[in-house]
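Asker: Here is a sequence together with a model predicted from it:
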Amino acid sequence: MIKASLRNFLAHKGRMALSTLAVLLGVAFVSGTLVFSDTINAAFTSLSASTAADVTIKPKQAFIPEVEDRALSGETPTLPADVVAKVAAVPGVRAAHGQISLQNLTVVDKDNKPVGPTTGAPTLGQNWYDNPQVHLTQGHAPTQAGELVIDQASAQHKGIRLGDPLHVLTPVGSTPATVVGIAALSTGQRPTSLAGVTMVYVDTDTAQRQLLGKPGAFTTVTVDVAPGTSHTTAQRRIHDALGDTYSIATQEEQAQSAAQQISSFLGVVTYALLGFAGLAVLVGIFLILNTFSMLVAQRTRELGLLRALGAGRGQVTRSVLTEALLLGVTGSTLGLAAGIGLAATLKTLIGDFGVDLSATHLVINPLTLAAAYGVGVLVTLIAAYLPARRAARISPMAALREAAAPPVTPLGRRTALGGALLLAGLGALAAAATHHDTLVTAAALLGTGIAASLIALVVLGPALSRLVVHGLGAPYPRLFGAVGRISRLNAVRNPRRTGATAAALMISLSLVGAVAVLAASLTTSISRDVDRTLGADYVLTGNGQQPIGHEIADKVRTLPGIQAVTRQRYALAHVGGFQVVVAGVDAATVDQAVKPQYVTGTTADVAAGRLMVDQTTATADHLTIGSPVELRFQNGNIATLPVGAISKPPAGAGKDGGTFEVSLDTLTTYAPEAQDFTLYVNSAPGADKKQLQTALDTAMAGYPQVTVQSQADYKNQITGQVDTVLYLVYALLALAILIAVLGVINTLALSVIERTREIGLLRAVGTSRRQIARMIQLESVLIALHGALLGLGLGLAWGIAGQKVLTLYGITTLSIPWTTILAVLAGSALAGLAAAVLPAMKASHTKVLTAIATA
């Protein structure tokens, strides 16, 4: 039986090619994602570990762990310079260095173009000190204001040489500098890759005054431990000298912390990508299931002969599963190789986004190998199990039959089960759409409805294929005559096969439909929200969540035609154990700038030192007017403010990222380090807006970190972010759609082989090759449209229910993108035509006599 399985696999390898391709694509997605994420993880973990000092002392923050982003507030925790002397005096410390390290800066060349990456990796500014991990390759160290050293990789990439003028822009101000040195990082004799990070170094005094804005302060103190003293011993002694005021970490602890931060960030991305990979694998199951079902049906006589020769049912089952195992191993091996190639390609492409991984080798962990073969082999065996069981039930008498007609089994029980599931699913979706009390309950109902309705349509697939395909093909006889009638009958000849083929496309397109509805609803809600609330004529923001600095507001105020400039700053705080962003605005002009939408309270209440929260947050946290809210700021200050106003939730805002807003005066009291992040500019009555736009652009020409946008530009930017995410989701769903189309090709190709004799007879009675090809094409279009209609219908139901649930998050307007829906339907029809090309060619070139002689 093993020999028979091997021979059958080799004999039918052509028929299994598309199933192998489906496994290959799914495994490639999984393995490529894992290899790529492991490579990025290794690159940044290695960078963090190799640049970490023996012991590092940082300000101990009240609540903000390292993993949380401090850039949004513009605040930089510091420690006083006398800490350096205290640490240097500790026994076992060879040297202590005060370090200043910042990333909220922009470095531009003489043409005002950024030197560092504009996306991806950051630009870091540090003070120069005697660091054994950094050495000069050209020039000398910076010793005074106006001198700067840049890393070697950035200098080579941007063509920067000694003597070139640069400009360093920070929230504190701008600093001109001349390149006096070029440096490289290394650990021992081995150079260290910066993974696309741009490093600039200035002297300590300049770093404190011009970068940090705090003379006599440092962001960290790095320690070189004396020979014979362990890192943990030095850590303990430093703690005894400084007490609990500061955070003290060894090199090993820093490396572990960095690895956890990177893994935490990459974990979200990796799991999201693996989710799409899982979808592609799920769609592939239907393709493999159809392949083995059709192969078993075509080999009924052969399997009957095996049973007649004494093969047991278990042996026949194992024979089919052995073929599936061979397919899984082959597809997994090829998919693993393709995944490694995909990761290598992504590693190269990511360099265009500012993350240079050229010095990092691809990381292939044992888990990746296990996942690749585990997914490929298990999925194939699971998909082949039902056909294998069906093969075991073939009677030895089947060997005496001339041909094997597919068994016609009743669908009554299956239809009843599917109908019950569909009613339950639609009921859960309706309940989710009308249940607005709590998000958790609504989300649970939504998830239940999605799962139940999807399973229901998969179960109902055979029954629905008779109804839907019969209806879609109704015009065929009138439009295409006998060929149309035959193609329509062929499409419903085996409803289980048609249902399984369409189900693969249905699953993919249901997500396309749901995402399209949600994205359109979000875009429309945001657009209306901006139109309703944005009163400013222009908005100035920092690139990449960078603060823009106080001097920008002062500069804008001097321009003619300006009526008001409203500043907005941010600070991080904790409320009830959760991190929130507290916004501070100019209360005197905020009503002109952003038109706050109050449910209760006014701007005057905010100006009086009270807190404004959005309605979603107020409901979730049981807050009313006068409720005290304790805000624990990053710098350790604690403010207990009464709620003075409650606003409508902005589109897309959630419970954890709700609105907490105070006046600028109140924020300055508790978080004086906060920087301007957004400026809202209102033009004076009668001012020429085109001239004002030109004046703003001219004034900001020397500040490339600042973006000037009109109302229309601002709205387009926000909605454009939604479109970017939407296109990314579509791109990730494309693999599942591709596998579904392969399923249509596979079904048609095997169906042509199964109907070889029938096609020969049609040719014998006068049917032309063109008519045979058209028959296959029309059948393919019916199957594709069937899957598309079910998928888009299901996706619309999911999207509508999802939008109703997300009204709690400010997505208040339902928008159905009919253009997208119709485009997907048209695309499905074209995909059906494309899928039929090869099967139609094979069918039309069938030799008549050979086909008629086929058993």
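Answerer: Received the coordinates, thanks.

Asker: Test my guess that T624 contacts A618.
Answerer: Yes: counting by C-beta atoms under 8 Å, T624 touches A618, with 7.2 Å between them. For every residue, glycine as well, the C-beta is placed using N, CA and C.

Asker: Give me the common contacts of these two.
Answerer: Here T624 and A618 share the contacting residues V643, scored by C-beta atoms under 8 Å, 6 or more residues apart in numbering.

Asker: Give the residue from the two that has the larger number of neighbours.
Answerer: A618 (23 against 9; other C-beta atoms under 10 Å).

Asker: For T175, what are phi and psi?
Answerer: Torsion angles at T175 (phi, psi; degrees, to the nearest 10) stand at phi -130, psi 120.

Asker: what's across from it in the sheet?
Answerer: Assessed by DSSP bridges, T175 has beta-bridge partners V168.

Asker: heads up, I number from 160, so please use that
Answerer: Understood, numbering begins at 160; the last thing we discussed is T334.

Asker: Next up, the contacts around it.
Answerer: By C-beta under 8 Å, 6+ apart, the residues touching T334 are 304-305, 326-328, 361, 365, 369-370.

Asker: gap between it and T378?
Answerer: Distance, T334 to T378, by C-beta to C-beta, to the nearest Å: 17 Å.

Asker: If A376 is in a bridge, with which residues?
Answerer: P239.

Asker: Settle this for me: it is touching T237, isn't it.
Answerer: Yes: between A376 and T237 a contact is recorded at 4.0 Å, counting by C-beta under 8 Å.

Asker: hang on, the earlier thing: so which of the contacts of T334 comes closest to L901?
Answerer: Set against L901, the nearest of these by C-beta to C-beta is L328 (51.9 Å).

Asker: correct me, but that closest one touches L261?
Answerer: No: if you go by C-beta under 8 Å, L328 and L261 don't touch, sitting 11.8 Å apart.

Asker: Between the two, point out the one with more neighbours.
Answerer: Comparing L328 with L261 by other C-beta under 10 Å, the one with more neighbours is L328, at 23 against 20.

Asker: secondary structure element for V339?
Answerer: If you go by DSSP states H and E, V339 is part of strand 333-346.

Asker: Contact partners for T906?
Answerer: Listed by C-beta under 8 Å, 6+ apart, the contact set of T906 reads 449, 453, 656-657, 660, 942.

Asker: so where does it fall, helix or strand?
Answerer: helix 870-913.

Asker: I'd like the mean pLDDT over that helix, please.
Answerer: In this model, helix 870-913 has a mean pLDDT of 84.

Asker: Packing partners of the next helix or strand after it?
Answerer: Downstream of helix 870-913, the first helix or strand assigned by DSSP H and E is helix 915-923. Applying 3 or more C-beta pairs under 8 Å, 6 or more residues apart in numbering; DSSP states H and E, one finds that helix 915-923 contacts helix 928-964, helix 1007-1012.

Asker: Of those helices, which shows the lowest average pLDDT?
Answerer: Minimum mean pLDDT among the helices and strands packed on helix 915-923: helix 1007-1012, a mean of 73.

Asker: Mind listing residues that contact that one?
Answerer: 915-916, 918-920, 922-923.

Asker: Looking at these, which one is closest to I805?
Answerer: The nearest member of those to I805, counting by C-beta to C-beta, is I918 at 71.6 Å.

Asker: State the number of residues packed around that closest one.
Answerer: 24.

Asker: Also V428?
Answerer: 13.

Asker: Under the pLDDT cut-off, which ranges of the stretch 760-909 of the chain? List them.
Answerer: For the stretch 760-909 of the chain, the stretches with pLDDT under 70 are 809-817.

Asker: And the nearest residue to L307 once chain neighbours are set aside, how far from L283?
Answerer: Of all residues not flanking L307 in the chain, A336 sits nearest, at 3.8 Å (C-beta to C-beta, 6 or more residues apart in numbering). Distance, A336 to L283, using C-beta to C-beta: 15 Å.

Asker: more neighbours, the two?
Answerer: Neighbours per residue (other C-beta under 10 Å) separate A336 from L283, with A336 holding more: 22 against 17.

Asker: who touches that one in this structure?
Answerer: Contacts of A336 (C-beta under 8 Å, 6+ apart): 305-307, 324-327, 361.

Asker: which of those residues has the most neighbours?
Answerer: Most neighbours among those, by other C-beta under 10 Å: V361, with 27 neighbours.

Asker: Verify the stated contact: that one with W287.
Answerer: Yes: using C-beta under 8 Å, V361 is in contact with W287, at 6.8 Å.

Asker: quick one: common contacting residues for the two?
Answerer: Residues within reach of V361 and of W287 at once, by C-beta under 8 Å, 6+ apart, are 301, 308.

Asker: leaving aside the residues next to it on the chain, what's closest to G785?
Answerer: Leaving out its chain neighbours, the residue that sits closest to G785 by C-beta to C-beta, 6+ apart is P801, at 5.3 Å.

Asker: can you give me phi and psi for the one you found?
Answerer: Dihedral angles (degrees, to the nearest 10) for P801: phi -80, psi 150.

Asker: Which residues are in contact with it?
Answerer: 769-770, 784-788.

Asker: Packing partners of the biggest helix by length in the chain?
Answerer: Counting by DSSP state H, the longest helix found in the chain is helix 410-457. Packed against helix 410-457 by the contact rule (3+ C-beta pairs under 8 Å, 6+ apart) you find helix 176-210, strand 214-218, helix 472-508, helix 525-551, helix 654-692, helix 870-913.
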